[in-house]
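>>> what follows is a predicted protein model with its sequence.
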Amino acid sequence: MFTLKTFTRKGALCLMLSTAMLTFSCSDNVEIPANEELDKLQLTVVEDYAKLVHANYDNALQDALALQTAINTFVMDPTQAHLDAAKTAWLASRESYGPSEAFRFYAGPIDDDNGPEGNLNAWPLDEAYIDYVVEGETVYANGIVNMPEEYPTITAQLLTDLNEDGGEENVSLGYHALEFLLWGQDLTAPEEKLAGQRPLTDFTTDQFASRRLDYLKVTTEILIADLQGLVADWSPTSGGNYYASFVSELPATSLKNIFTGIGILAKAELAGERIFTAYDNKNQEDEHSCFSDNTHRDIILNAEGLSNVFYGKYKGTDGKEISGKGIYDLLKITDPALAEQVSTQVTTALEKVNAMPVPFDFAISDEASRPKVLEAVVELQQLGDEFAAAASALDITINTALPE
Amino acid sequence: MTTSKRFLWVLACVFMFSCNHLSEVQFQAEEGEELSAGQGTIFDTSENAFSLQIPTLSNEEGLLFFVGNSLFNQNWVTAPASTTARDGLGPLFNARSCSGCHFKDGRGRAPEFHGELNAGHLIRLSIPDPFNPSRTLPDPHYGGQLQDQAINGFGVPVEGGYEVDYLMMEGKFADGSSYELRKPMISFVNLKYGPMDAKVMTSPRVAPQMVGLGFLEAIPEADLLALADPEDRDNDGISGRPNYILQQDGQKAIGRFGWKANQQDLEHQVAGAFLGDMGITSDLKPSQNWPFGIDTENIPNGGEPEIDADDLQKVVLYSATLAVPARRNWQDPEVLKGKQIFMDAGCAGCHIPKFKTGTHPTIDGLSHQVIRPFTDLLLHDMGEGLADGRPDHEANGQEWRTPPLWGIGLFAAVNDHTFYLHDGRARNLSEAILWHGGEAEESKNQFVAMSSDDRQSLLQFLNSL
């Protein structure tokens, strides 16, 4: 670059002249009149998205609070009925968290440098890191639960410090840690279609029973705190938060984030990481909710999250509805044919994930079911590609690759 | 203004611009300079910067990448286990997963305290071959590297541990400011299989970042050989030479991977790491590292081989297709000045800035890309300070392969540290440069003689890689 010192007045004039020439040559092109309707709609889509995100996280928080109530009841009075109620509450809490995964992958509040994603939903986990596991005839008891001498008291600080310490699978926190504690390993054959069968005695007469109960309680507290943080980050009313900056950015910037989230979830995370990897390895260890056999719901809920963002519509488990404008409405202006094409693909992908046999570990191991799993993979990949094409139609470039 | 005057004006303009252009040319960014690996470049500076697939994979390769990733990330377990896809760990091992050492596909470091596992650091071992002075053998009791972990419950002791102490050394830049270097001293503790051989040679190593490896594999061999100058015929003090690996068919292959370029391709590198670091056999490396003097009859194994050929190939594909992050601040005047200093100081004599890849045998997305890895993949004598004294194939005890520099500015973002060099002894880039000796002595001396401003510019440039 030039430094100012080297300019003479003549030089400056030269620069001005040449700048003028450049400007003239640029404006040879016919100027496209600003499309006010499109500009306004972009702002609306961004704002409606942000409200949808908030409503979804708030829904997840409410369901997690219900889970906390059920877990606290179980901790105080560990009966089979209360254990079953806690499991039911856990499954319910996944219904509202699942769609929110469409808000990941652009370093927003959920997964920026300090984001709680790794605390909330990290998987696969090495369950032996948390509690005993059985392999064949052998019981290994080297988990955090089983080491009172090294970890005398199970506290939020301890579990947070240990989360992903020394390896990406050393997961001590989140939904799946709770899931493992509630259900235990799924040791039955997939065709039995049974989830994990942790006995109630693990919470009553076993030597580590009270530590397991502490673990449940503390992990749930951290889960709640993390969800509360997300709700606050996206609150439309509190100001000065992520919501405020998201809706005041250039729409192109926020739209890129919106597209990145759904593009990566569809093509990479869901099609590749969550479904195809398990399909290819034929391995329960690769399924998302392997202890509770709830993976099929995770997949369907993630896909519904994609649909929510695409159309700008949300219906919570609490019945609350958001009916805003989405990407679909933008595309209808810029490229109506593409709008319908992507819309059809959303429908196809949803059909295919719903058509996968249940439970997922059966679907990936049963030869007659496997083709249906692969169909879902193909349609989700296609959907990811079409999201990228839709972004391009709005002059936005996204990369649908997933950070591993 | 008359026509002739106007003409003169225009002439003056043209003259001035070209003049300025000439004087500025050395501090200008090259077209596409930010693209470290052509179309295999990604734009991410987060902790995931080393973990993205190259954007040019086919849909099918993209899916296999995820499977490779799962095999890379997830812990392997002791056989027999319900997870038959991933059993066969050990009996001796350094880590339970690839990502245990290459955390976030990034860079390991030396343990910070005795007994810290999985920091991404290990100790290679060998002894001289008494019958062939140009060869080495594994230590008779401890093999080719010390494994500091073992499977539970089968009477297999851990081989032992080690401590890293540092000898602190002080020095001064020409401008009078001082620096401190630390030299690691390894001592073994709790050796459970008897003493090591009296002539044992040791070499600590950290796990390198995984980005761009497939592109390095795709650099045409002829281009590397053209850079070799073993007799230093051009008298520039730099005499790089390739390492050669004797293959089973008797042919020699040029080494590209490993700190001493002792692996010819990623398949061998990956299979070697599976066996050496995790105790997992493959078709390429079928012989288990059995613990010395232990009855192996009852030690379980996870099949023969423990990772099947298909899965190994998926990890190879994964390892080959991790994208390279784009440069940051490549147009910043100070970074551009630093680049010029890098060139002027002769650093680019070994850290070759640019190649064009040839045709990769299996992955189209790696082929015919202009890449900027800053390595020649050749061996160079780096002087006594860095020497491990341990030959490796044709590399002698003072030689190291020029490591690629792409991504070195992102260790802090990905791995929360800034430790450099083969054993992580350098605590920052300045120390890493100061350890250069041998063929790089002259460049190092220039660094020491530089003004503080120039040193900063150089470091800024390196941090932009």
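Nice, I can see it.
>>> next, the closest residue to chain A within the stretch 351-465 of chain B: phi, psi?
Closest to chain A within the stretch 351-465 of chain B is B:A413: 8.7 Å, counting by C-beta to the nearest C-beta. (C-beta placed from N, C-alpha, C; glycine too.) Per-residue torsions, B:A413: phi -70, psi -40 (degrees, to the nearest 10).
>>> where does it land on pLDDT?
In this model, B:A413 is scored at 94, pLDDT.
>>> what's the burial count for it?
19 (other C-beta atoms under 10 Å in any protein chain shown).
>>> how about it, what does it touch?
Listed by C-beta atoms under 8 Å, 6 or more residues apart in numbering or on different chains, the contact set of B:A413 reads B:45-47, B:49.
>>> highest neighbour count among those?
B:A49 (26 neighbours).
>>> please name the nearest non-neighbouring residue to that one.
B:P325 (4.5 Å; C-beta to C-beta, 6 or more residues apart in numbering or on different chains).
>>> correct me if wrong: B:I299 contacts B:N152.
No: using C-beta atoms under 8 Å, B:I299 is not in contact with B:N152, being 11.7 Å away.
>>> neighbour count for these two, which is higher?
The residue with more neighbours, out of B:I299 and B:N152, is B:I299; 18 against 11, by other C-beta under 10 Å.
>>> Three-state assignment for that one, please.
Put simply, B:I299 is coil when judged by DSSP: H, G, I helix; E, B strand; the rest coil.
>>> how close does it get to chain A?
Distance, B:I299 to chain A, using C-beta to the nearest C-beta, to the nearest Å: 14 Å.
>>> sorry, back to before: my guess is the residue nearest to B:A49 meets B:S46, correct?
No: applying C-beta under 8 Å, one finds B:P325 not in contact with B:S46, separated by 9.6 Å.
>>> count of neighbours near A:V53?
30.
>>> list the contacts for it?
A:V53 makes contacts with A:100, A:103, A:234, as judged by C-beta under 8 Å, 6+ apart.
>>> and the gap between it and A:K352?
Separation of A:V53 from A:K352 (C-beta to C-beta, to the nearest Å): 26 Å.
>>> and after the worst-scoring helix or strand of chain A on mean pLDDT, which helix or strand comes next?
Counting by mean pLDDT, DSSP states H and E, chain A has its least confident helix or strand at helix A:9-26, which shows a mean of 39. The C-terminal neighbour of helix A:9-26 among helices and strands, as given by DSSP states H and E, is helix A:36-76.
>>> what average pLDDT does that following helix get?
For helix A:36-76, the per-residue pLDDT averages 97.
>>> out of the contacts of B:A413, which comes closest to B:G237?
Nearest to B:G237 among those, counting by C-beta to C-beta, is B:A49 at 34.8 Å.
>>> middle-most residue in the chain, spatially?
Going with chain A. Nearest to the mean C-alpha position of chain A, by C-alpha atoms, centre = their mean, lies A:E101 at 2.2 Å.
>>> isn't there a helix covering that residue?
Yes: the assignment for A:E101 (three-state DSSP) places it in a helix.
>>> distance of it relative to B:N69?
Per C-beta to C-beta, A:E101 is found 18 Å from B:N69.
>>> grab the nearest non-local neighbour of the residue in the stretch 101-250 of chain B that chain A sits nearest to.
Closest residue of the stretch 101-250 of chain B to chain A, C-beta to the nearest C-beta: B:N118 (4.8 Å). Residue nearest to B:N118 in three dimensions, not counting chain neighbours: B:G100, with 4.3 Å by C-beta to C-beta, 6+ apart.
>>> gap between that neighbour and B:P220?
According to C-beta to C-beta, B:G100 stands 34 Å off from B:P220.
>>> more neighbours, these two?
Legend: neighbour count by other C-beta under 10 Å for B:G100 and B:P220, higher for B:G100 (27 against 13).
>>> which sections of chain B are below the confidence cut-off?
B:1-26, B:80-84 (pLDDT under 70).
>>> would you map the helices across it?
Assigned by DSSP state H, the helices in chain B fall at B:3-24, B:59-73, B:98-101, B:213-217, B:221-227, B:266-278, B:309-320, B:333-344, B:411-415, B:429-434, B:441-449, B:452-463.
>>> which elements pack onto the shortest one?
What that stands for is helix B:98-101. Applying 3 or more C-beta pairs under 8 Å, 6 or more residues apart in numbering or on different chains; DSSP states H and E, one finds that helix B:98-101 contacts helix B:59-73, helix B:266-278.
>>> go with 6 Å
Under the contact criterion of 3 or more C-beta pairs under 6 Å, 6 or more residues apart in numbering or on different chains; DSSP states H and E, helix B:98-101 touches helix B:59-73.
>>> got a list of contacts for the helix it packs on?
Under the contact criterion C-beta atoms under 6 Å, 6 or more residues apart in numbering or on different chains, helix B:59-73 has outside partners A:168, A:272-273, A:276-277, A:280, A:286, A:381, A:404, B:53, B:98-99, B:311, B:314-315, B:317-318, B:321.
>>> same thing with stretch B:194-214?
Contacts for stretch B:194-214 (C-beta under 6 Å, 6+ apart): B:37, B:50, B:101-102, B:105-108, B:120-128, B:139-142, B:186, B:259, B:266, B:319-322, B:324, B:366, B:388-390, B:406-407, B:422-424.
>>> just the buried residues out of the residues you listed, in ChimeraX syntax.
Selection of buried members from the contacts of stretch B:194-214 for ChimeraX, criterion 16 or more other C-beta atoms under 10 Å in any protein chain shown:
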select /B:37,50,101,102,105,106,107,108,120,121,122,123,124,125,126,127,128,139,141,142,259,266,319,320,321,322,324,366,388,390,406,407,422,423,424
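>>> can you give me the strands for the stretch 201-350 of chain A?
Using DSSP state E, counting those that start in this stretch, the strands of the stretch 201-350 of chain A run over A:313-315, A:321-323.
>>> neighbours of the residue in the stretch 1-150 of chain B that chain A sits nearest to, just the number please.
Nearest residue of the stretch 1-150 of chain B to chain A (C-beta to the nearest C-beta) works out as B:N48 at 3.1 Å. By the other C-beta under 10 Å criterion, the neighbourhood of B:N48 contains 21 residues.
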